[in-house]
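1. the following block contains a protein sequence and its predicted model.
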Protein chains: 2
Amino acid sequence: MKIQYQELQELVEQHLLDFIPQVNPLSQTLYDAMEYSLTGGGKRLRPVLLLASCQFAGGDPVQALPYACAIEYIHTYSLIHDDLPAMDNDDLRRGRPTNHIKFGADIATLAGDGLLNTAFEAMFKDMFLYFDKPDLLKRRINAAYRIAEGAGVQGMVAGQVSDVESDNGENSSPEMLRHIHLNKTAAMIKGAVSAGLEIGGAPQDMKDHLRKYAEDLGLEFQVVDDILDVTGTAEELGKDPHQDEANGKLTYVSLHGLDGSRKFASQLTRAALAELEGYDEDADFFRDLVVKLEKRTR
Amino acid sequence: MKIQYQELQELVEQHLLDFIPQVNPLSQTLYDAMEYSLTGGGKRLRPVLLLASCQFAGGDPVQALPYACAIEYIHTYSLIHDDLPAMDNDDLRRGRPTNHIKFGADIATLAGDGLLNTAFEAMFKDMFLYFDKPDLLKRRINAAYRIAEGAGVQGMVAGQVSDVESDNGENSSPEMLRHIHLNKTAAMIKGAVSAGLEIGGAPQDMKDHLRKYAEDLGLEFQVVDDILDVTGTAEELGKDPHQDEANGKLTYVSLHGLDGSRKFASQLTRAALAELEGYDEDADFFRDLVVKLEKRTR
């Protein structure tokens, strides 16, 4: 088995709009606004991780597509809402006008709501196909729950709220920083891996190791983001650097400096690799990913 | 069987916060913001309808509580987002400051997102209890799907988008008005009834009649809302009347006048009652409800 990032990413790109219900022609604006942000590119990290985890557990990634697309819908809604004037007030995302610049803040809010709701609709519809296969049905309910858990008030939404609060300087402790990074970023990455493993039918020890791996990977992803805001160029990032500093954001760099941040990123890479020790070259996808994410410049 | 509105409403009130996950103490603000809007009172029409429909089909309403609360979480999120400065910009809801006045537009946006996500988490968690009862499990997946469908881009969110667009005067046709009312209001009411019937194990003909009843009820609810905006007092409504007119909103009254609106409401009552003709006094709950909703003054 050779798990390939690019292959899985292409699979996601090809099917990303397949699970959005056909809307009434009178609701065309809603569809356009959702499509606009979904087709804005990006690494598709979360859906690729979900498909890769399913494949790693011995499952068929194609069968996991509704869940992979659902997690990308959720990720996309979170970006749309995060960019809103009432939140980060960003005009650009991946080099294009943000959703509310293009459609207005009212439609952008609703397009985000629509994407979150659609994620769950897509998963329910997939479950209908397994009504006569109770074991496969249970895996899918478990997968959907893992995604919901990672996205919700014990996960991403909680992280976003604390992120907003830390902007106001209310709490800048290391505990708060970890809470934000674990929830805002790592929870959805963990949700993606967990969901893929559920659908693939992974044994419990694989779930334990890979979930811990995903948490380390998620934390690393965020620490490197914090570093790049200081060291990156506008060209590399597709957005202006130094925004965290300008907004007085609580980041790993603001609390522990650049050197401390780089050390922590290396530590996380080692910890993540350690979780993969018992596995053969089938796990190389996950090994390569965490090493590449530490070295990324965009 | 005697289905009682007040009994079911009390059941909802008692358990409304039961299905919200315990959050990290660092996310207390998020919990507070969700709780604030959930405990703001209201008729609890959608969850009561869900429980009543379950009971009507012969089920135990207590078992339908996670779904009833989920639909109230969704209804509440939609009100929070609808009140936002970027949307209707309302300061008061049921006589209290709206969520964003109390917590800020950023937290209010996220509290809404959290409530929508929590609705689905609550339903998944309930499904875990039925892993060994495949028939009851399938009913619950069907119920959750009906709720998601009513809330999403073929339902409530679509209605909200068209409502926003009609405010801009882009399309004021009778077709657009019907599209808005069917989706913004009737879809969730139909979702509530459908979900309750699924959990209660209703036969197909009952589903057909009651779903049509729910659509008529939902349309009536909205037409009477439109009428009350013109004829109601601030005291009765708990908000200022004449807001639709001031905002140039497309309503049944703006298109067909007060008399035309009252005629349509009566028509809808008769149509809803006709769907219940084959049922004995067990259906009186639904008969009373539609008659009362037509005559309501708040």
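-> Perfect, thanks for sending it. Numbering: from 1, shown residues only, chains lettered A, B, ... in the order given.

2. tell me the mean pLDDT for stretch A:165-180?
-> Mean pLDDT, stretch A:165-180: 88.

3. for stretch A:105-125, same thing?
-> The predicted model assigns stretch A:105-125 a mean pLDDT of 98.

4. element containing residue A:58?
-> Using DSSP states H and E, residue A:58 falls within no helix or strand.

5. if I look at the residue lying closest to it once chain neighbours are set aside, how far off is chain B?
-> With Cβ to Cβ, 6 or more residues apart in numbering or on different chains as the criterion, residue A:58 has its nearest non-adjacent residue at 5.6 Å, and that residue is residue A:200. No exception for glycine: its C-beta is placed from N, CA and C like everyone else's. As for residue A:200, its distance to chain B is 19 Å (criterion: Cβ to the nearest Cβ, to the nearest Å).

6. residues in contact with residue A:200?
-> Applying Cβ atoms under 8 Å, 6 or more residues apart in numbering or on different chains to residue A:200 gives the contacts A:53-59, A:64.

7. also residue A:207?
-> Contacts here follow Cβ under 8 Å, 6+ apart; on that basis residue A:207 touches A:194, A:197-198.

8. middle-most residue in chain A, spatially?
-> Centroid check for chain A by Cα atoms, centre = their mean gives residue A:46 as the closest residue, at 4.4 Å.

9. who touches the helix or strand containing residue A:294?
-> If you go by DSSP H and E, residue A:294 is part of helix A:284-295. By Cβ under 8 Å, 6+ apart, the residues outside helix A:284-295 that reach it are A:3-5, A:49, A:52, A:56, A:210, A:213, A:216-217, A:220-221, A:224, A:265-266, A:268-269, A:272-273, A:276.

10. how about 7 Å then?
-> Outside of helix A:284-295, the residues within contact range by Cβ atoms under 7 Å, 6 or more residues apart in numbering or on different chains are A:3, A:52, A:213, A:217, A:220-221, A:224, A:265-266, A:269, A:272-273, A:276.

11. residues of the stretch 1-150 of chain A that sit close to chain B?
-> Applying Cβ under 7 Å from any Cβ of the partner chain, we find that the stretch 1-150 of chain A lies next to chain B at A:21, A:23-24, A:26-27, A:29-30, A:81, A:84-87, A:105-107, A:109-110, A:113-114, A:116-118, A:120-121, A:124, A:127, A:131, A:134, A:138, A:141, A:144-145, A:148-149.

12. for the closest residue in space to residue A:31 that isn't next to it in sequence, which three-state class applies?
-> Spatial nearest neighbour of residue A:31, excluding adjacent residues (Cβ to Cβ, 6+ apart): residue A:23 at 4.9 Å. Recorded secondary structure, residue A:23: coil (DSSP: H, G, I helix; E, B strand; the rest coil).

13. what about residue A:23, how many neighbours?
-> Neighbour count for residue A:23, taken as other Cβ atoms under 10 Å in any protein chain shown: 21.

14. need the contact list for it.
-> Neighbouring residues of residue A:23 by Cβ under 7 Å, 6+ apart: A:30-31, B:153-154, B:158.

15. filter those down to the ones in strands?
-> With strands defined by DSSP state E, no entry of those lies inside them.

16. out of the residues you listed, list just those in helices.
-> Using DSSP state H, A:30-31, B:158 are the members of these that sit in helices.

17. go through these and name the one nearest residue B:280.
-> Distance to residue B:280 across the ones in helices among the contacts of residue A:23 (Cβ to Cβ) is lowest for residue B:158, with 36.8 Å.

18. nearest residue to that closest one in space, please, no chain neighbours.
-> Spatial nearest neighbour of residue B:158, excluding adjacent residues (Cβ to Cβ, 6+ apart): residue A:27 at 4.1 Å.

19. next one: residue A:222
-> Nearest non-adjacent residue to residue A:222, counting by Cβ to Cβ, 6+ apart: residue A:185, 4.1 Å away.

20. from chain B, how far off is that neighbour?
-> 15 Å.

21. wait, what's in contact with that residue?
-> A:218, A:221-222.

22. assign it to helix, strand or coil.
-> Under three-state DSSP, residue A:185 falls in the helix class.

23. report pLDDT for it.
-> What the model reports for residue A:185 is a pLDDT of 96.

24. same check on residue A:233?
-> With respect to pLDDT, residue A:233 scores 80.

25. for it, give its distance to chain B.
-> Computed as Cβ to the nearest Cβ, the residue A:233 to chain B distance reads 29 Å.

26. tally of neighbours for that residue?
-> Neighbourhood size, residue A:233 [other Cβ under 10 Å]: 11.

27. repeat for residue A:175
-> Residue A:175 has 9 neighbours, counted by other Cβ under 10 Å.

28. would you turn the contacts of residue A:207 into a markdown table with pLDDT and secondary structure?
-> Below are the contacts of residue A:207 laid out as a markdown table (pLDDT from 0 to 100; DSSP: H, G, I helix; E, B strand; the rest coil):
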| residue | pLDDT | secondary structure |
| --- | --- | --- |
| A:194 | 98 | helix |
| A:197 | 98 | helix |
| A:198 | 98 | helix |
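
29. CSV please, covering these and showing neighbour count and distance to residue A:289.
-> Below are the contacts of residue A:207 laid out as CSV (neighbours: other Cβ atoms under 10 Å in any protein chain shown; distance: Cβ to Cβ, whole Å):
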residue, neighbour count, distance to residue A:289
A:194, 25, 16
A:197, 28, 15
A:198, 27, 20
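
30. chain B: which of those is nearest?
-> residue A:198 (11.9 Å; Cβ to the nearest Cβ).

31. that closest one against residue A:141, yeah?
-> No - the criterion here is Cβ atoms under 7 Å, and residue A:198 misses it with residue A:141 at 8.8 Å.

32. what pLDDT does residue A:258 get?
-> Residue A:258 is assigned 95 on the pLDDT scale.

33. residues touching it, list them.
-> A:227, A:230.

34. any idea how far residue A:236 is from it?
-> 17 Å (Cβ to Cβ, to the nearest Å).

35. also residue A:38?
-> Distance, residue A:38 to residue A:236, by Cβ to Cβ: 24 Å.

36. the more surrounded of the two?
-> Neighbour count, other Cβ under 10 Å: between residue A:38 and residue A:236, residue A:38 has more, with 21 against 13.

37. ok, the closest residue to residue A:140 other than its chain neighbours - contacts?
-> Leaving aside its chain neighbours, residue A:140 sits nearest to residue A:127 (5.3 Å; criterion: Cβ to Cβ, 6+ apart). Listed by Cβ under 7 Å, 6+ apart, the contact set of residue A:127 reads A:137, A:140-141, B:141.

38. ok, now with 8 Å
-> With contacts defined as Cβ under 8 Å, 6+ apart, the neighbours of residue A:127 are A:137, A:140-141, A:144, B:141.

39. show me where the stretch 151-298 of chain A has its helices.
-> With DSSP state H, counting those that start in this stretch as the criterion, the stretch 151-298 of chain A has helices at A:156-167, A:174-181, A:187-200, A:204-231, A:234-237, A:243-246, A:252-275, A:284-295.

40. figure out which of the ones you listed is closest to residue B:92.
-> Nearest of these (Cβ to Cβ): helix A:156-167, 23.9 Å.
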